[in-house]
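>>> give me a model of this one.
(chains A, B and C)
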Amino acid sequence: MSEHYVYPEWIHLAHTFENGQCFRWRKIDEDHYVGVVHGQVLEVKSVPEGTQLQPMNEQTFQTTYKRYFGFGENLRQRQEALAGRDDHLRVAFEYCEGLTILRQDPWETLVTFILSQNNHMPRIRSLVEKLAVLRGKEIHYLGEDDELKEEAFYTFPSPQELSDVSEEELRTLGFGYRAKYVVDAVEKVLSGSVDLQRIEELTLEEARKELMKIKGVGVKVADCVLLFGYGFQEAFPVDVWVDRALKRFYLQEMKAYSSREAFVQEYFMGDGGLAQQMLFHTLRNGRYT
DNA sequence: GCCCAGGCACTCA
DNA sequence: TGAGTGCCTGGG
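Modelled structure (predicted):
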């Protein structure tokens, strides 16, 4: 049996893993998931004392995974502050308790959201998985579940590992017109014309511009990468669902602002990313009547 | 079997 | 600067 570690903070795993911010977690049963993160197969379970991770030791947790799960970032207080703004956010707060915004690997997040455009979630999952099988490293599950032990898992391939992948090869796998976007992202990151490390030091606006140098990356995809990959808490990706929510709930308020962007920054108090996830998740799951 | 999805790029006014 | 349209594909 591999080592495990329990962090004394509870998060709602289903709300966190099944809200469209990540695509490599799989449900084993209630409050129990398995996924590939930072090059290893990780099992996560909600337990009475908090959140149990396996395999994990305290040092690895502190250096890598604490950040990934967004632990220790006053999530509840921030959600509560948003809930105080209006009834729509209050409803979302009650439904989304324990929803966390993950801080995933920027490269993986970038490619994942390039693949997300014009796609359903199950298909996004399938494409991400295909890419992992294509060039990722095979790794194995180290827990106690006998079925999972038999399975092969794959890391998400680095830009170097994808350097020899052609548009043609990706098209054959069903990537469609997004194939050339993935190839372009690999080229620009490897050549240094897009510097993924530098992005975290930029302002939201500058960071967006940098990411949008890549073909197939527009404002929506860039904002997803900045929020889910870099932790820009003020990033506010607007997809069809969030667009519906804004029009349905905030049309009047928005008119008082010079732009939608200005409204979002002011109204959600710099915590647009969290507000966006709450509204998206609540609306998409039919909790607004 | 058809429809359409957590968009983007390109064109044209 | 904004609206309109084509794009790959397979899950629902």
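
>>> what's near enough to touch the residue lying closest to residue A:218 once chain neighbours are set aside?
Setting aside the residues directly before and after it, residue A:218 is nearest to residue A:212 in space (C-beta to C-beta, 6 or more residues apart in numbering), at 6.6 Å. Quick note: C-beta positions are derived from backbone N, CA and C, even for glycine. Listed by C-beta atoms under 8 Å, 6 or more residues apart in numbering, the contact set of residue A:212 reads A:218-219, A:222.

>>> which ones among those residues are found in strands?
Taking DSSP state E, every one of these sits outside strands.

>>> filter those down to the buried ones.
When the contacts of residue A:212 are checked for burial by 16 or more other C-beta atoms under 10 Å, the buried set is residue A:222.

>>> give me the subset of the contacts of residue A:212 touching DNA strand B.
A:218-219, A:222 (C-beta under 7 Å from any atom of the strand).

>>> low-scoring stretches of chain A, by residue?
A:1 (pLDDT under 70).

>>> now do the strands in it.
With DSSP E applied, chain A shows strands at A:5-7, A:25-29, A:32-37, A:40-47, A:50-54, A:138-139, A:153-154, listed in chain order.

>>> from DNA strand C, how far out is the closest residue to residue A:254 other than its chain neighbours?
Among residues not flanking residue A:254 along the chain, residue A:263 sits closest, at 4.7 Å (C-beta to C-beta, 6+ apart). Residue A:263 is 15 Å from DNA strand C, where distance means C-beta to the nearest atom of the strand, to the nearest Å.

>>> could you do residue A:158 as well?
According to C-beta to the nearest atom of the strand, residue A:158 and DNA strand C sit 24 Å apart.

>>> tell me how many other residues surround that residue.
Residue A:158: 18 surrounding residues under other C-beta atoms under 10 Å.

>>> quick check: it vs residue A:65, distance?
19 Å (C-beta to C-beta, to the nearest Å).

>>> check whether stretch A:198-207 contacts DNA strand B.
No - Stretch A:198-207 stays clear of DNA strand B (C-beta under 7 Å from any atom of the strand), getting no nearer than 13.9 Å.

>>> residues of that stretch that come out buried?
A:199, A:202, A:204, A:207.

>>> widest-spaced pair of the residues you listed?
Taking C-beta to C-beta as the measure, the buried residues of stretch A:198-207 reach their widest spread between A:199 and A:204, a distance of 10.3 Å.

>>> which neighbours do these two share?
residue A:226.

>>> ok so, going back, so what's the residue nearest to residue A:254 up against?
A:250, A:253-254, A:256-257.

>>> just the buried residues of those.
For those, buried by 16+ other C-beta under 10 Å: A:250, A:254.

>>> now render the contacts of residue A:263 as JSON lines, adding distance to DNA strand B.
Output for the contacts of residue A:263, formatted as JSON lines (distance: C-beta to the nearest atom of the strand, whole Å):
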{"residue": "A:250", "distance to DNA strand B": "17"}
{"residue": "A:253", "distance to DNA strand B": "21"}
{"residue": "A:254", "distance to DNA strand B": "19"}
{"residue": "A:256", "distance to DNA strand B": "25"}
{"residue": "A:257", "distance to DNA strand B": "21"}
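
>>> among the contacts of residue A:263, name the ones in helices.
Mapping the contacts of residue A:263 onto helices (DSSP state H) picks out A:250, A:253-254.

>>> ok, back up a step: among the strands of chain A, which comes closest to DNA strand B?
Nearest of the strands of chain A to DNA strand B, taken as C-beta to the nearest atom of the strand: strand A:25-29 at 12.5 Å.

>>> convert that closest one to PDB, retaining C-alpha atoms only.
Taking Å, rounded to 0.1, in the frame of the first residue of the first chain, the C-alpha atoms of strand A:25-29 are listed here in PDB:
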ATOM      1  CA  TRP A  25     -10.400  13.000 -13.600                       C
ATOM      2  CA  ARG A  26     -12.500  10.000 -13.500                       C
ATOM      3  CA  LYS A  27     -15.100   9.100 -10.800                       C
ATOM      4  CA  ILE A  28     -14.500   5.800  -9.000                       C
ATOM      5  CA  ASP A  29     -17.500   6.300  -6.700                       C
END
